[in-house]
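Participant: for reference, the sequence and a predicted model appear below.
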Amino acid sequence: MKKTTANGTAPAAPKIKSTAASCEPQEQPPVIRIRARIDIGFGNALTIRGNGAGLSWDKGMEMSCTNADLWTVTLVGACNPVSFKVLVNDITWNSGEDYVALPGSDITVTPEF
């Protein structure tokens, strides 16, 4: 038997809250600042790969060399925690577990290869 309301119409479907995380509109999008403290030698580059805030596990994002042993990158639009690894020349992955950065964080990692 089909349920109806007092006026004979079908009741409205219940509203379901989404469980997917999303960013609330903000004046400034959330950012994550990541520094990697390591000297990888002249002529090499450091990249990061991961998920969230524009990162991919398939192709690295270049980090900027700001000192002989300091590399930086700023990720914009980070609504959720970001997992990442650091790579030398986008080939050699850092050892150990993935790093995790929270939206709005400013972190420094010391990767080992």
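Facilitator: Okay, I see it.
Participant: where's Gly104 relative to Asn51, distance?
Facilitator: Applying CB to CB, to the nearest Å, the value for Gly104 to Asn51 is 18 Å. From N, CA and C alone the C-beta is placed, and that goes for glycine too.
Participant: these two - which one has more neighbours?
Facilitator: Asn51 (14 against 11; other CB atoms under 10 Å).
Participant: and the closest residue in space to Arg37 that isn't next to it in sequence, how many neighbours?
Facilitator: Nearest non-adjacent residue to Arg37, counting by CB to CB, 6 or more residues apart in numbering: Thr110, 5.0 Å away. Applying other CB under 10 Å, we find 11 residues neighbouring Thr110.
Participant: same question for Arg49.
Facilitator: Considering only other CB under 10 Å, Arg49 is surrounded by 19 other residues.
Participant: tell me where the model's unsure across this structure.
Facilitator: Applying pLDDT under 70 to the chain picks out residues 1-27.
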